[in-house]
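J.: Below are the sequence and a predicted model; questions follow.
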Amino acid sequence: MSINKRDMVSGAFLIALGLFFGIYAYVDLNIGSAFRMGPGFFPVVLSGLLILIGIIVVLQSLNAEHPLMTPIAWRGLFFILLSPIVFGLTIRALGFVPAVVLVCGISAFASHRMGVLKAAIITVCMTLFCIGVFYYALGLPVRLFGGWLN
Amino acid sequence: MVGRVFKIAAAGLGLLALSAGVAAAQSYPTRNVTVVVPFSAGGPTDTVTRLVAEAMSRDLGQQIVVENVGGAGGTLGAARVAKADPDGYTLLLHHIGMATSATLYRKLPYEPLNAFEYVGLVTDVPMVIVSKPNWEPTDLKSLIEYVKANKDTVTYANAGIGAASHLCGMLFMSAIETEVTTVPYKGTGPALTDLMGGQVDFMCDQTTNTTNQIKSGKIKAYATTTKERLDNLPDVPTAAEQGLADFQVGIWHGLYAPKGTPKEVIDRLSASLQKALKDENVVKQFASLGTAPSTQEEATPAALKEKLESEIKRWEPVIKAAGQYAD
Amino acid sequence: MEIFDNLILGMETALHWQNILFCFLGVLLGTLVGVLPGIGPTATIAMLLPITFKLSPETSLIMLAGIYYGSQYGGSTTAILINLPGESASAVTAIDGYQMARQGRAGPALATAALGSFFAGTVATFIIAIFAPPLTDIALQFGSAEYFSLMVLGLISSVALAHGSVVKAIGMIILGLLLGLVGTDIYTGTPRFTLDRLELADGLNFVAVAVGVFGIAEILRNLEDESDREIMVKKVTGLWPSKADFKAIIAPIIRGTFVGSALGILPGGGAILSSFAAYTVEKKVSKTPERFGKGAIEGVAGPEAANNAGSQTSFIPMLTLGIPANPVMALMIGAMIIQGIVPGPEVATSQPKLFWGIIASMWVGNLLLVLLNLPLIGLWVRLLTVPYYVLFPAILTFASIGVYSVMSNEFDLYAMAAFGLLGYILSKLDCEPAPLLLGFVIGPMLEEHLRRAMIISRGDPMVFFERPISAGLLVAAALVLVVVLLPSVRKKRDEVFVEED
């Protein structure tokens, strides 16, 4: 029997999410009854439905073909997800300019084709553009250099 | 985390430069000042802030930038300013929520009475008791009787926990000693819409939100929560006139700075605020909103501090009796 | 007839050279900022609001309206070009629009969006002018029971958004509903799913979720295999829709206009549904529904028209009642107040120049939008030929700034990263993001109205059937459910037969 592994994982994922929300709601919130719905009522009902859907998806994955999967972009994942986090950490501590430099610079390296020189050029251009547009033209309430660098 | 390390370093450097501190304060402000509004853009608090900020900018000679940091009933914005550098370049304009969140939120990320310096009161927006257009009661007395007689079917709308309408409703119900079904909404807009559509019976909200609807007859007005009748709603009697003494609720707005801001900076800001409140345009726009600028005595640190302390004390028992918290 | 007198008065005001100039400026600025990924209409207007204070009331409102349309169109542009929607409506445009761009048909997609929006805007302007007061009365009849039933109808129709497995789409909708519930329960003040963080007390930021699930996931997908030159450099085939394209989009645009106009009037948030509803209508009406999700031009035409019609008619509750239907309207009201005008029912009679001037300039704004953007299509399309590895750091930077600009909350950026990861996982698992986004937007409203209707009816569930409008909507929802499930049942059977070969 061939299994559509991708769909099996999907179904499992949905079941896991349903359990997460359902248990969180059940433990943390007051459920109430259908007529006096507490804050936990709707979430628990929805979680139950999600688990049900997950089970259906798993069942559908049995006796089905596994499709061709494209590779996972590990390097991309690392750099792309890191960059907004770094932006968030530095926007107020270091200011707008360093944050932009970091987010642009870090995310640029997500591509195999990026070299240090190209990344530097892109970063410099982006930084100048952003300062001009966001800080001067639009008046975004940020500090160009904040916190320690002030 | 990263921010805190830098802040500690900055504070250290600041201490070393204390001798220059006085001189620096005298030349305050040397760059843009940010006022945080802990609610979204476009709302009444935001509007009040932008009007005052514009007038204060002219006096201070520097641009005042309004930043909206909304969320959690205003506590997110307040927390932000509480943690900001006490150099006079980050301020907070908050309303009665500053006092009520002290009780409504059992876990606050700042100490309500200890995290801020006080600049002064800005305005005190009165509230009106209003109802759907074809409700039976004709005045406040008959309203109270009607509510008491029909307490199982009457519905009261509010704009969410911690909102002005929520607080007013709490006070009203404890004043008439009758509980009715409360129907919360996400903001005054939806609440008023349902009121106009007759889906709920009555509510109590700021004049900024209700004056126009009253004037055009889309909702009925019963009483104002002020000592005297309002100039732009002369036909609406006060609650006191109609027998509900002590029912005065005003949504007072105050300007705050982080704790530790130098006295010279605070004094400069207070002076600027007082000037702004006398500005022609500010007075005019406030009036069209149904409110008035605070007096010169009220726009001072001492007055604001006193107001905050007394309001926290006033609302604490009311909120605790209602038993509904925001966290 | 009085209407034409008023419209003429409005036109006089709108065509005053100052107002045209600032309308154009507003449209231009709005488009440029709206194009920046992650920055939707709300953030755009909030940023550009101070510019309007120095102007006279009419001019500043006209400029704000221009910014509003411009940023909506700009948002559609980025949705089509790089799959990065700035607000819920552009998410629908992205479904087929982005696929068209990948096929080299970005030009026709953008042109369709512009023309469809213009037509819808023109019609909507007339609807406002003629029907505003009676429409408002109808809108006021909508209580929570009606909104709930409307949302149910919307949700069931959105199953049609799925171009893959219907079951997984339903799963995505439910997941979206659950994510939408994160935040503080308005009825009891209890925080739900907030992991004890104050920043989550008001829920997840829509822009963070949309940018993460659509945009970042898309970037990651493109980075999987960089040896594929086609993904790296997009080819372009022609800027203008073909004759066949034109024939195909006329009917969707008309349908979308009416769907959008009807939903936009409801102050309780009907406008959000307009593009989703229009997409569903197009997919169900089409003789070849399997093209949807793969670059069907009707999937761009209908929703774009509906979206523009909806955003124009959502001015109605603001102009007639003084009640904002969405955050953008709230900003407009704030701007009006600062200018000294308190919007409400008597603005029409006490300030006719202003009132009709705004309405007339809506049309002018739409016209300027088309005139401005059609030539720009060439520019945007050429942008796509920039190598991808240069483009995506820019996208990410703009997205970060855009997300941060909404509430100055760096937590939103972490949320964006988290949803980027989720979006990538979902795309690997062949689960679609569009139903998730719809569930996310509708979920809180669905629950809010359900509970409110139950509170007001004192726990009586029959209220949904006793009230005529609500009952009608639920019946429609049941019908749609039947229609939606039937073909897919047949399709499943076909699939089974094919696989057993």
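T.: Now that the structure is in, tell me what you want to look at. As the structure is a prediction and not an experimental result, all values here were calculated from the model.

J.: Pull out the buried residues from stretch B:49-69.
T.: Under the neighbour-count criterion of 16 or more other Cβ atoms under 10 Å in any protein chain shown, stretch B:49-69 has B:49-57, B:59-60, B:62, B:64-69 buried. Placement of C-beta: from N, CA and C, glycine included.

J.: is any part of it close to chain A?
T.: Yes - interface with chain A: stretch B:49-69 contributes B:65-67 (Cβ under 8 Å from any Cβ of the partner chain).

J.: Next, count neighbours for residue 48.
T.: In the absence of a named chain, chain A is used. Close neighbours of A:Gly48, defined as other Cβ atoms under 10 Å in any protein chain shown, add up to 14.

J.: looking at chain B here, not the other one
T.: B:Val48, neighbours per other Cβ under 10 Å, totals 27.

J.: My read is that it contacts B:Asp124, right?
T.: No - contact criterion Cβ atoms under 8 Å: B:Val48 and B:Asp124 do not qualify, at 10.8 Å.

J.: which residues do these two both contact?
T.: B:253, B:291 (Cβ atoms under 8 Å, 6 or more residues apart in numbering or on different chains).

J.: which helices and strands sit right next to the helix ranked longest in chain A?
T.: When chain A is scanned for its longest helix (criterion: DSSP state H), the result is helix A:5-28. In terms of contacts (3 or more Cβ pairs under 8 Å, 6 or more residues apart in numbering or on different chains; DSSP states H and E), helix A:5-28 is packed against helix A:41-61, helix C:166-180.

J.: Can you get me the centre-to-centre distance for the shortest one and its chain?
T.: In terms of Cα atoms, centre = their mean, to the nearest Å, the centre of helix C:166-180 is found 19 Å from the chain centre.

J.: close to chain B, is it?
T.: No - using Cβ under 8 Å from any Cβ, no contact is recorded between helix C:166-180 and chain B, whose separation bottoms out at 12.7 Å.

J.: Between helix A:41-61 and that helix, find me the angle.
T.: Computed with axes from the mean of the first three to the mean of the last three Cα atoms, to 10 degrees, the direction of helix C:166-180 lies at 150 degrees from that of helix A:41-61.

J.: Could you export helix C:166-180 as CSV, CA atoms only?
T.: Taking Å, rounded to 0.1, in the frame of the first residue of the first chain, the C-alpha atoms of helix C:166-180 are listed here in CSV:
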residue,chain,number,x,y,z
VAL,C,166,-11.1,20.8,-0.1
VAL,C,167,-10.6,19.0,3.2
LYS,C,168,-7.3,20.6,3.8
ALA,C,169,-8.8,24.0,2.9
ILE,C,170,-11.4,23.5,5.6
GLY,C,171,-8.6,22.6,7.9
MET,C,172,-6.8,25.9,7.0
ILE,C,173,-10.0,27.9,7.6
ILE,C,174,-10.4,26.4,11.0
LEU,C,175,-6.7,27.0,11.8
GLY,C,176,-7.2,30.6,10.7
LEU,C,177,-10.2,30.9,12.9
LEU,C,178,-8.2,29.6,15.9
LEU,C,179,-5.4,32.0,15.2
GLY,C,180,-7.9,34.8,15.0
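
J.: For the stretch 51-200 of chain B, which residues are neighbours of chain A?
T.: B:65-67.

J.: Output those in CSV, with distance to chain C and secondary structure appended to each entry.
T.: Listed next are these as CSV, based on distance: Cβ to the nearest Cβ, whole Å; DSSP: H, G, I helix; E, B strand; the rest coil:
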residue, distance to chain C, secondary structure
B:Val65, 9, strand
B:Val66, 8, strand
B:Glu67, 6, strand
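
J.: Take the helices and strands packed on helix A:5-28 and write them to TSV, including mean pLDDT.
T.: Listed next are the helices and strands packed on helix A:5-28 as TSV, based on pLDDT from 0 to 100:
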stretch	mean pLDDT
helix A:41-61	91
helix C:166-180	90
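
J.: looking at these, which is buried most?
T.: helix C:166-180 (a mean of 26; mean count of other Cβ atoms under 10 Å in any protein chain shown).

J.: The helix or strand just after that one near chain B at all?
T.: Counting by DSSP states H and E, the element after helix C:166-180 in chain order, helix or strand, is strand C:183-184. Yes - applying Cβ under 8 Å from any Cβ, one finds that strand C:183-184 is in contact with chain B at C:Thr184.

J.: does chain A sit close to strand C:183-184?
T.: No - residues of strand C:183-184 contacting chain A under Cβ under 8 Å from any Cβ: none, with a closest distance of 9.0 Å.

J.: Each with direction, which strands does the very next helix or strand once past that strand pair with?
T.: Scanning forward in sequence from strand C:183-184 by DSSP H and E, the next helix or strand is strand C:191-192. Applying DSSP bridges, strand C:191-192 is found paired with strand C:183-184 (antiparallel).

J.: got a list of contacts for the partner strand?
T.: In contact with strand C:183-184 (Cβ under 8 Å, 6+ apart) are residues B:72, B:161, B:326, C:190-194, C:200-204, C:444.

J.: Could you identify the most distant pair in those?
T.: Comparing every pair within those by Cβ to Cβ identifies B:Ile161 and C:Leu204 as the most remote, at 19.7 Å.

J.: quick revisit: right, and the helices and strands packed on helix A:5-28 - which one's nearest A:Leu144?
T.: helix C:166-180 (34.8 Å).

J.: What helices and strands are in contact with that closest one?
T.: With contacts taken as 3+ Cβ pairs under 8 Å, 6+ apart, helix C:166-180 sits against helix A:5-28, helix A:41-61, helix C:433-456, helix C:468-499.

J.: Much appreciated, bye for now.
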